[in-house]
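Q: Provide a 3D model corresponding to the input given below.
(one chain, ligands or ions: 3)
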Amino acid sequence: MSHSHAGHHHGKHDNTGFRLALAGVLTLGFVCFEVVAGLYANSLALLTDAAHNLTDVLALGLSWYAHRLSSRPANANKTFGYHRVGILVALLNSTTLVIIAFGIFHEAWGRFSAPPVVDSDVLISVGSAALFVNLFTAWLVSHGSKNDLNLHSTFLHLLGDVFSTLGAIAAGVVIWLTGKYWLDPAASSLIALLILWNAWNILGETLTILLESTPADIDMSKMVEDFLQVEGVLGVHDLHVWSLSRSLRMLSAHVQVLDIPISQASLIQTQIKDVINKEYGIEHCTLQMECEGCDNGRLYCEKV
Ligand SMILES: [Zn+2]
Ligand SMILES: [Zn+2]
Ligand SMILES: [Zn+2]
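A: Ligands and ions are numbered 1, 2, ... in the order given. Modelled structure (predicted):
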(Lines give C-alpha, C1' and ligand atoms only; values in the text may rest on other atoms or scores of the structure.)
(Ligands and ions follow the chains in the order given, each with its own letter.)
Protein backbone atom coordinates (compact mmCIF):
# COMPACT_ATOMS: atom_id res chain seq x y z
CA MET A 1 0.00 0.00 0.00
CA SER A 2 1.20 3.43 -0.81
CA HIS A 3 0.00 6.54 0.89
CA SER A 4 0.86 10.09 0.06
CA HIS A 5 -0.22 12.85 2.38
CA ALA A 6 1.88 15.74 1.22
CA GLY A 7 0.08 19.02 1.53
CA HIS A 8 -3.56 17.98 1.27
CA HIS A 9 -4.53 18.77 4.81
CA HIS A 10 -6.46 21.81 5.65
CA GLY A 11 -4.56 23.50 8.41
CA LYS A 12 -3.90 26.98 7.14
CA HIS A 13 -4.88 29.91 9.26
CA ASP A 14 -6.78 32.64 7.49
CA ASN A 15 -9.58 35.04 8.27
CA THR A 16 -12.17 33.33 6.05
CA GLY A 17 -14.30 32.51 9.09
CA PHE A 18 -14.37 36.13 10.18
CA ARG A 19 -15.19 37.35 6.67
CA LEU A 20 -18.09 34.90 6.39
CA ALA A 21 -19.44 35.87 9.82
CA LEU A 22 -19.22 39.59 9.06
CA ALA A 23 -20.94 39.13 5.69
CA GLY A 24 -23.72 37.12 7.39
CA VAL A 25 -24.39 39.67 10.13
CA LEU A 26 -24.42 42.57 7.66
CA THR A 27 -26.81 40.76 5.34
CA LEU A 28 -29.14 39.83 8.22
CA GLY A 29 -29.37 43.46 9.31
CA PHE A 30 -30.17 44.48 5.77
CA VAL A 31 -32.87 41.81 5.38
CA CYS A 32 -34.86 43.32 8.28
CA PHE A 33 -34.61 46.76 6.72
CA GLU A 34 -35.56 45.44 3.28
CA VAL A 35 -38.65 43.56 4.52
CA VAL A 36 -40.00 46.71 6.19
CA ALA A 37 -39.25 48.76 3.07
CA GLY A 38 -40.74 46.10 0.77
CA LEU A 39 -43.99 45.96 2.74
CA TYR A 40 -44.17 49.75 2.90
CA ALA A 41 -43.57 50.12 -0.86
CA ASN A 42 -45.74 47.05 -1.68
CA SER A 43 -42.93 45.82 -3.92
CA LEU A 44 -42.58 42.10 -4.68
CA ALA A 45 -39.16 42.84 -6.16
CA LEU A 46 -37.93 44.15 -2.80
CA LEU A 47 -39.56 41.33 -0.84
CA THR A 48 -38.06 38.83 -3.29
CA ASP A 49 -34.68 40.40 -2.79
CA ALA A 50 -35.18 40.23 0.98
CA ALA A 51 -36.17 36.54 0.81
CA HIS A 52 -33.15 35.96 -1.35
CA ASN A 53 -30.91 37.81 1.07
CA LEU A 54 -32.30 35.77 3.94
CA THR A 55 -31.15 32.60 2.17
CA ASP A 56 -27.80 34.35 1.81
CA VAL A 57 -27.67 34.69 5.59
CA LEU A 58 -28.40 30.97 5.85
CA ALA A 59 -25.82 30.19 3.16
CA LEU A 60 -23.19 32.37 4.83
CA GLY A 61 -23.94 30.86 8.24
CA LEU A 62 -23.68 27.32 6.89
CA SER A 63 -20.53 28.22 4.94
CA TRP A 64 -19.03 29.61 8.11
CA TYR A 65 -19.97 26.45 9.98
CA ALA A 66 -18.67 24.23 7.17
CA HIS A 67 -15.43 26.17 7.09
CA ARG A 68 -14.94 25.61 10.80
CA LEU A 69 -15.73 21.91 10.51
CA SER A 70 -13.57 21.26 7.46
CA SER A 71 -10.56 22.78 9.17
CA ARG A 72 -10.92 20.20 11.94
CA PRO A 73 -8.40 17.39 11.53
CA ALA A 74 -9.39 13.86 10.53
CA ASN A 75 -9.89 11.45 13.43
CA ALA A 76 -10.61 7.78 14.08
CA ASN A 77 -14.32 8.22 13.36
CA LYS A 78 -13.90 10.55 10.36
CA THR A 79 -10.78 9.26 8.66
CA PHE A 80 -11.33 11.52 5.66
CA GLY A 81 -11.78 14.56 7.88
CA TYR A 82 -14.67 16.93 7.25
CA HIS A 83 -14.06 17.96 3.63
CA ARG A 84 -17.49 16.78 2.48
CA VAL A 85 -19.31 19.09 4.90
CA GLY A 86 -18.81 21.90 2.40
CA ILE A 87 -20.33 19.75 -0.35
CA LEU A 88 -23.37 18.97 1.79
CA VAL A 89 -23.84 22.66 2.53
CA ALA A 90 -23.65 23.49 -1.17
CA LEU A 91 -26.23 20.77 -1.87
CA LEU A 92 -28.56 22.12 0.80
CA ASN A 93 -28.13 25.72 -0.38
CA SER A 94 -28.81 24.98 -4.00
CA THR A 95 -31.85 22.81 -3.26
CA THR A 96 -33.34 25.54 -1.06
CA LEU A 97 -32.76 28.12 -3.78
CA VAL A 98 -34.59 26.02 -6.39
CA ILE A 99 -37.63 25.84 -4.09
CA ILE A 100 -37.50 29.59 -3.37
CA ALA A 101 -37.25 30.42 -7.08
CA PHE A 102 -40.45 28.51 -7.78
CA GLY A 103 -42.17 30.24 -4.86
CA ILE A 104 -41.30 33.61 -6.40
CA PHE A 105 -42.58 32.54 -9.84
CA HIS A 106 -45.86 31.61 -8.20
CA GLU A 107 -46.23 34.97 -6.42
CA ALA A 108 -45.16 36.94 -9.52
CA TRP A 109 -47.74 35.10 -11.62
CA GLY A 110 -50.50 36.29 -9.28
CA ARG A 111 -49.25 39.88 -9.48
CA PHE A 112 -49.03 39.96 -13.28
CA SER A 113 -52.79 39.59 -13.65
CA ALA A 114 -53.50 42.55 -11.33
CA PRO A 115 -50.31 44.59 -10.75
CA PRO A 116 -50.58 46.43 -7.40
CA VAL A 117 -49.27 49.99 -7.00
CA VAL A 118 -45.59 50.06 -6.05
CA ASP A 119 -43.69 52.94 -4.39
CA SER A 120 -40.87 53.31 -6.91
CA ASP A 121 -38.90 55.84 -4.78
CA VAL A 122 -38.48 53.26 -2.03
CA LEU A 123 -37.73 50.51 -4.56
CA ILE A 124 -34.94 52.58 -6.13
CA SER A 125 -33.32 53.80 -2.91
CA VAL A 126 -33.49 50.50 -1.01
CA GLY A 127 -32.39 48.64 -4.14
CA SER A 128 -29.33 50.89 -4.36
CA ALA A 129 -28.50 50.22 -0.71
CA ALA A 130 -28.89 46.47 -1.39
CA LEU A 131 -26.43 46.80 -4.25
CA PHE A 132 -23.74 48.14 -1.92
CA VAL A 133 -24.39 45.45 0.69
CA ASN A 134 -24.20 42.74 -2.00
CA LEU A 135 -20.99 44.10 -3.49
CA PHE A 136 -19.36 44.36 -0.09
CA THR A 137 -20.35 40.86 1.08
CA ALA A 138 -19.34 39.34 -2.29
CA TRP A 139 -15.94 40.98 -1.89
CA LEU A 140 -15.65 39.61 1.67
CA VAL A 141 -16.37 36.06 0.50
CA SER A 142 -14.35 36.17 -2.75
CA HIS A 143 -11.17 35.73 -0.74
CA GLY A 144 -10.21 32.05 -0.82
CA SER A 145 -13.23 30.97 -2.87
CA LYS A 146 -11.27 29.59 -5.81
CA ASN A 147 -10.66 26.08 -4.53
CA ASP A 148 -13.49 25.70 -2.07
CA LEU A 149 -16.86 24.72 -3.54
CA ASN A 150 -18.59 25.83 -0.37
CA LEU A 151 -17.10 29.34 -0.55
CA HIS A 152 -17.28 29.43 -4.33
CA SER A 153 -21.00 28.66 -4.39
CA THR A 154 -21.60 31.38 -1.81
CA PHE A 155 -19.51 33.86 -3.79
CA LEU A 156 -21.33 33.11 -7.08
CA HIS A 157 -24.58 33.47 -5.24
CA LEU A 158 -23.66 36.92 -3.93
CA LEU A 159 -22.37 37.97 -7.33
CA GLY A 160 -25.65 36.89 -8.92
CA ASP A 161 -27.40 39.04 -6.33
CA VAL A 162 -25.54 42.10 -7.60
CA PHE A 163 -27.08 41.62 -11.05
CA SER A 164 -30.52 40.80 -9.75
CA THR A 165 -30.46 43.91 -7.55
CA LEU A 166 -29.47 45.98 -10.59
CA GLY A 167 -32.56 44.54 -12.30
CA ALA A 168 -34.75 45.61 -9.39
CA ILE A 169 -33.32 49.14 -9.47
CA ALA A 170 -33.86 49.38 -13.23
CA ALA A 171 -37.47 48.26 -12.78
CA GLY A 172 -37.90 50.93 -10.09
CA VAL A 173 -36.58 53.63 -12.41
CA VAL A 174 -38.89 52.62 -15.28
CA ILE A 175 -41.89 52.37 -12.91
CA TRP A 176 -41.04 55.84 -11.64
CA LEU A 177 -40.92 57.16 -15.23
CA THR A 178 -43.90 55.31 -16.73
CA GLY A 179 -46.01 53.87 -13.89
CA LYS A 180 -45.91 50.37 -15.39
CA TYR A 181 -46.36 48.40 -12.17
CA TRP A 182 -46.17 44.99 -13.85
CA LEU A 183 -42.41 45.62 -14.08
CA ASP A 184 -42.17 44.82 -10.36
CA PRO A 185 -43.23 41.15 -10.69
CA ALA A 186 -41.27 41.05 -13.97
CA ALA A 187 -38.07 42.04 -12.15
CA SER A 188 -38.88 39.45 -9.46
CA SER A 189 -39.20 36.74 -12.10
CA LEU A 190 -35.86 37.67 -13.65
CA ILE A 191 -34.21 37.56 -10.22
CA ALA A 192 -35.80 34.16 -9.65
CA LEU A 193 -34.50 32.91 -13.02
CA LEU A 194 -31.00 33.96 -12.04
CA ILE A 195 -31.35 32.22 -8.69
CA LEU A 196 -32.50 29.08 -10.49
CA TRP A 197 -29.59 29.15 -12.95
CA ASN A 198 -26.98 29.51 -10.17
CA ALA A 199 -28.59 26.85 -8.06
CA TRP A 200 -28.78 24.41 -10.96
CA ASN A 201 -25.05 24.65 -11.71
CA ILE A 202 -24.04 24.19 -8.09
CA LEU A 203 -26.46 21.28 -7.72
CA GLY A 204 -24.83 19.59 -10.73
CA GLU A 205 -21.33 20.03 -9.35
CA THR A 206 -22.18 18.78 -5.85
CA LEU A 207 -23.98 15.72 -7.25
CA THR A 208 -20.95 14.97 -9.43
CA ILE A 209 -18.78 14.91 -6.31
CA LEU A 210 -21.26 12.97 -4.18
CA LEU A 211 -21.67 10.33 -6.91
CA GLU A 212 -17.87 9.83 -6.86
CA SER A 213 -17.68 10.77 -10.55
CA THR A 214 -14.32 11.12 -12.23
CA PRO A 215 -13.40 14.85 -12.23
CA ALA A 216 -14.45 16.30 -15.60
CA ASP A 217 -10.92 17.34 -16.61
CA ILE A 218 -9.40 13.88 -16.15
CA ASP A 219 -9.07 11.58 -19.17
CA MET A 220 -8.98 8.03 -17.82
CA SER A 221 -7.56 6.43 -20.98
CA LYS A 222 -4.67 8.90 -20.93
CA MET A 223 -4.14 8.13 -17.25
CA VAL A 224 -3.87 4.40 -18.01
CA GLU A 225 -1.26 5.24 -20.64
CA ASP A 226 0.64 7.33 -18.09
CA PHE A 227 0.64 4.36 -15.71
CA LEU A 228 2.01 2.08 -18.43
CA GLN A 229 4.73 4.61 -19.31
CA VAL A 230 6.36 3.99 -15.91
CA GLU A 231 9.08 1.38 -16.31
CA GLY A 232 8.20 -1.96 -14.70
CA VAL A 233 4.43 -1.47 -14.84
CA LEU A 234 2.81 -4.36 -16.73
CA GLY A 235 -0.80 -3.41 -16.22
CA VAL A 236 -3.29 -1.41 -14.19
CA HIS A 237 -6.84 -2.31 -13.14
CA ASP A 238 -9.50 -1.53 -10.56
CA LEU A 239 -8.69 2.13 -11.17
CA HIS A 240 -10.72 4.74 -9.29
CA VAL A 241 -10.48 8.53 -9.27
CA TRP A 242 -12.88 10.63 -7.24
CA SER A 243 -13.13 13.97 -5.45
CA LEU A 244 -13.50 14.30 -1.72
CA SER A 245 -14.13 18.00 -2.15
CA ARG A 246 -13.58 20.48 -4.93
CA SER A 247 -9.88 20.81 -4.12
CA LEU A 248 -9.03 17.30 -2.90
CA ARG A 249 -8.87 14.35 -5.29
CA MET A 250 -8.19 10.70 -4.53
CA LEU A 251 -6.97 7.77 -6.59
CA SER A 252 -6.76 4.04 -5.94
CA ALA A 253 -5.53 1.35 -8.33
CA HIS A 254 -4.08 -2.14 -8.61
CA VAL A 255 -0.73 -2.13 -10.41
CA GLN A 256 0.68 -5.30 -11.94
CA VAL A 257 4.46 -5.77 -11.88
CA LEU A 258 6.91 -8.70 -12.15
CA ASP A 259 7.73 -10.82 -9.07
CA ILE A 260 10.27 -8.27 -7.82
CA PRO A 261 11.49 -7.32 -4.29
CA ILE A 262 9.32 -4.87 -2.37
CA SER A 263 12.16 -2.34 -2.44
CA GLN A 264 11.97 -2.26 -6.25
CA ALA A 265 8.18 -2.16 -6.28
CA SER A 266 8.33 0.83 -3.93
CA LEU A 267 10.45 2.71 -6.44
CA ILE A 268 7.82 2.06 -9.11
CA GLN A 269 5.12 3.26 -6.70
CA THR A 270 6.98 6.49 -6.07
CA GLN A 271 7.37 7.11 -9.79
CA ILE A 272 3.67 6.51 -10.43
CA LYS A 273 2.69 8.84 -7.58
CA ASP A 274 4.95 11.57 -8.95
CA VAL A 275 3.35 11.31 -12.40
CA ILE A 276 -0.19 11.26 -10.97
CA ASN A 277 0.51 14.23 -8.73
CA LYS A 278 2.19 16.26 -11.46
CA GLU A 279 -0.22 15.48 -14.32
CA TYR A 280 -3.53 15.34 -12.45
CA GLY A 281 -3.00 17.18 -9.17
CA ILE A 282 -3.92 14.07 -7.17
CA GLU A 283 -1.99 13.97 -3.91
CA HIS A 284 -3.82 11.15 -2.21
CA CYS A 285 -2.88 8.03 -4.12
CA THR A 286 -3.36 4.44 -2.90
CA LEU A 287 -1.65 1.77 -5.02
CA GLN A 288 -1.85 -1.99 -4.57
CA MET A 289 1.12 -3.73 -6.15
CA GLU A 290 0.43 -7.23 -7.55
CA CYS A 291 2.59 -9.68 -9.46
CA GLU A 292 -0.09 -12.05 -10.72
CA GLY A 293 -3.20 -9.91 -10.84
CA CYS A 294 -6.24 -10.52 -8.70
CA ASP A 295 -9.51 -12.22 -9.70
CA ASN A 296 -11.13 -8.94 -10.53
CA GLY A 297 -8.88 -7.84 -13.36
CA ARG A 298 -11.23 -5.27 -14.86
CA LEU A 299 -10.18 -1.67 -15.41
CA TYR A 300 -13.06 -0.25 -13.36
CA CYS A 301 -14.95 -1.78 -10.48
CA GLU A 302 -17.71 -4.09 -11.71
CA LYS A 303 -18.42 -6.07 -8.57
CA VAL A 304 -22.06 -6.78 -7.81
ZN1 LIG B 1 -4.71 10.00 3.79
ZN1 LIG C 1 -28.48 35.62 -2.74
ZN1 LIG D 1 -5.95 -6.47 -8.71
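Q: burial count for whichever residue of the stretch 1-150 of the chain sits closest to ligand 2?
A: Among the residues of the stretch 1-150 of the chain, residue 56 lies closest to ligand 2, at 4.1 Å counting by C-beta to the ion. All C-beta spots, glycine's among them, are computed from the backbone N, C-alpha and C. Residue 56 has 28 neighbours, counted by other C-beta atoms under 10 Å.
Q: helix, strand or coil for residue 117?
A: coil (DSSP: H, G, I helix; E, B strand; the rest coil).
Q: can you get me a residue count around residue 173?
A: Neighbours of residue 173 (other C-beta under 10 Å): 15.
Q: ok, now the one 10 residues further on?
A: Neighbourhood size, residue 183 [other C-beta under 10 Å]: 23.
Q: ditto for residue 200
A: With other C-beta under 10 Å as criterion, residue 200 counts 14.
Q: how close does it get to residue 246?
A: 17 Å (C-beta to C-beta, to the nearest Å).
Q: in the protein, which spans are strands?
A: In the chain, the segments counted as strands under DSSP state E are 235-245, 248-256, 284-290.
Q: how about CSV for those, with distance to ligand 2 added?
A: Putting the strands of the chain into CSV (distance: least, C-beta to the ion, whole Å) gives the following:
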stretch, distance to ligand 2
strand 235-245, 22
strand 248-256, 27
strand 284-290, 34
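Q: can you redo these as a markdown table with distance to residue 114, mean neighbour count and mean pLDDT?
A: Putting those into a markdown table (distance: least, C-beta to C-beta, whole Å; neighbours: other C-beta atoms under 10 Å; pLDDT from 0 to 100) gives the following:
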| stretch | distance to residue 114 | mean neighbour count | mean pLDDT |
| --- | --- | --- | --- |
| strand 235-245 | 48 | 19 | 91 |
| strand 248-256 | 53 | 20 | 93 |
| strand 284-290 | 59 | 19 | 93 |
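Q: where does the protein have low pLDDT?
A: Applying pLDDT under 70 to the chain picks out residues 1-14, 70, 144-150, 293, 295-297, 301-304.
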